[in-house]
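Asker: Predicted model and sequence below, questions to follow.
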Amino acid sequence: DAGVTQSPTHLIKTRGQQVTLRCSPKSGHDTVSWYQQALGQGPQFIFQYYEEEERQRGNFPDRFSGHQFPNYSSELNVNALLLGDSALYLCASRWKGAGGYEQFFGPGTRLTVL
Amino acid sequence: AQTVTQSQPEMSVQEAETVTLSCTYDTSENNYYLFWYKQPPSRQMILVIRQEAYKQQNATENRFSVNFQKAAKSFSLKISDSQLGDTAMYFCAFMNYMEYGNKLVFGAGTILRVKS
């Protein structure tokens, strides 16, 4: 059973560019959350997708947007990149059913903005 | 809004000894879960242990156990018989399961180094 997968593993961009990160949830999971983890800090919640809609959003600007596809995979898009967007981006999936509180994390995408 | 505080940026322990990591949280909610996650250098966040707030009994998973003090809003992790593979960053996390979306709120983490 494959776990949560993310691509790419590493990414280097320059300020002002746009980036798309991808996530495939664990088999049987239908809810995907994205987190930003700056170096030496805990993950911060960006947003969550369920049934192809953004269900909850953290304190992140509109430059951060996302999408969920019918197969439950998800993309995170960041426009007009800033140096401060450099971080590890984590995707987590879970099952919406009763008791599906545990979130399973992917290995993350390391984004460096120069 | 909920906050999670981990006051120990770094800890070290000798192999086979016991170590306790501290976590406090602030919430006005009654229905929540608490978690400890482990993040080794490979970056993969792994769930170590969870605690439902309505349960008085402290959770235990093999060498890992928690001390959950609901009134004090404290949730510490005890690792017994520490192993070299326990070296990692440990995060305490809070989830209000009545909140739409059930996001996780993380602390800043504690780096644990197990020495041989």
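Answerer: Structure's in. What do you need?

Asker: what does chain B put close to chain A?
Answerer: Where chain B comes near chain A, counting by C-beta under 8 Å from any C-beta of the partner chain, the residues are B:4, B:33, B:37, B:42-47, B:50, B:91, B:93, B:95, B:97, B:99-109. Heads up, the C-betas are built off the backbone N, CA and C, glycines and all.

Asker: Now the buried members of the residues you listed.
Answerer: B:4, B:33, B:37, B:43-45, B:50, B:91, B:93, B:95, B:101-109 (16 or more other C-beta atoms under 10 Å in any protein chain shown).

Asker: State the number of residues packed around residue B:28.
Answerer: 7 (other C-beta atoms under 10 Å in any protein chain shown).

Asker: so what pLDDT did the residue of chain B at minimum distance from chain A get?
Answerer: In chain B, the residue that lies nearest chain A is residue B:101 (3.0 Å; C-beta to the nearest C-beta). Looking at residue B:101, its pLDDT is 71.

Asker: who's in contact with it?
Answerer: Residues near residue B:101 by C-beta atoms under 8 Å, 6 or more residues apart in numbering or on different chains: A:33, A:48, A:55-56.

Asker: which among the residues you listed gets closest to residue A:103?
Answerer: Closest to residue A:103 out of these is residue A:33 (6.5 Å), distances taken as C-beta to C-beta.

Asker: circling back: among the buried ones among the residues of chain B next to chain A, which are located in strands?
Answerer: Judged by DSSP state E, strands contain the following of these: B:4, B:33, B:37, B:50, B:91, B:93, B:95, B:105-106.
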